[in-house]
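**Student:** predicted coordinates and the sequence they were generated for:
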Amino acid sequence: MVRALKKSIKLYADTSVFGGVFDKEFETPSKKFFEAVRKSKFSLVTSDLVRQEIQAAPVKVRNLFFEILTISEVTEVTNKALKLQQAYLNAEILSDKYSTDALHVALATVSRVSFIVSWNFKHIVNFQKIPMYNAVNKLSGYNEIAIYSPLEVIEYED
């Protein structure tokens, strides 16, 4: 019998997911998420932006990031991503004050991942903002992108 190859889902994790491992509120689902990444259930994409933001994080968060980095793809901040970020800001999805959050969404979109994983409920995982990001994506020639918290993508046992 021939078994079909199961391809892992390509996703983008922002900085909040790495920090979530060490936050009591988000610890369990964050750890389960990274276990799934280690088991290749997800193909993780991170970015130079995450790497930059991680530099200000506690040592244990930085150590986790650099461990996971060995099994991740890193996307660079490109002109395409900056242009899409600006389109989000022009559409007033976010203000300039939160432009880095817009850049995370732009980096994920330009990288053509299946979805973004974040604990940022105010600016990224937000039921009012997700349709606006996707409207701008469509107008800019990109696919829609799904946006979830780690809690929504981990597997649960029966």
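**Tutor:** Thanks, I have it.
**Student:** C-alpha only now, for contacts and for neighbours.
**Tutor:** Fine.
**Student:** where in the protein is pLDDT low?
**Tutor:** 1-7, 156-158 (pLDDT under 70).
**Student:** now do the strands in it.
**Tutor:** Along the chain, counting by DSSP state E, strands occupy 9-13, 42-47, 73-75, 115-117, 146-148.
**Student:** dump the ones you listed to TSV, plus mean neighbour count and distance to Leu94.
**Tutor:** Output for these, formatted as TSV (neighbours: other CA atoms under 10 Å; distance: least, CA to CA, whole Å):
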stretch	mean neighbour count	distance to Leu94
strand 9-13	21	19
strand 42-47	22	20
strand 73-75	17	22
strand 115-117	23	17
strand 146-148	19	16
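**Student:** can you lay out these as JSON lines showing distance to Lys32?
**Tutor:** Below are the strands of the chain laid out as JSON lines (distance: least, CA to CA, whole Å):
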{"stretch": "strand 9-13", "distance to Lys32": "14"}
{"stretch": "strand 42-47", "distance to Lys32": "12"}
{"stretch": "strand 73-75", "distance to Lys32": "20"}
{"stretch": "strand 115-117", "distance to Lys32": "13"}
{"stretch": "strand 146-148", "distance to Lys32": "15"}
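**Student:** where do the helices sit along the chain?
**Tutor:** Taking DSSP state H as the criterion, the chain contains helices spanning 15-20, 27-38, 48-54, 59-69, 79-90, 99-110, 129-139, 150-153.
**Student:** how about the second one: buried residues?
**Tutor:** Using 16 or more other CA atoms under 10 Å as the test for burial, helix 27-38 gives 27, 29-34, 36-37.
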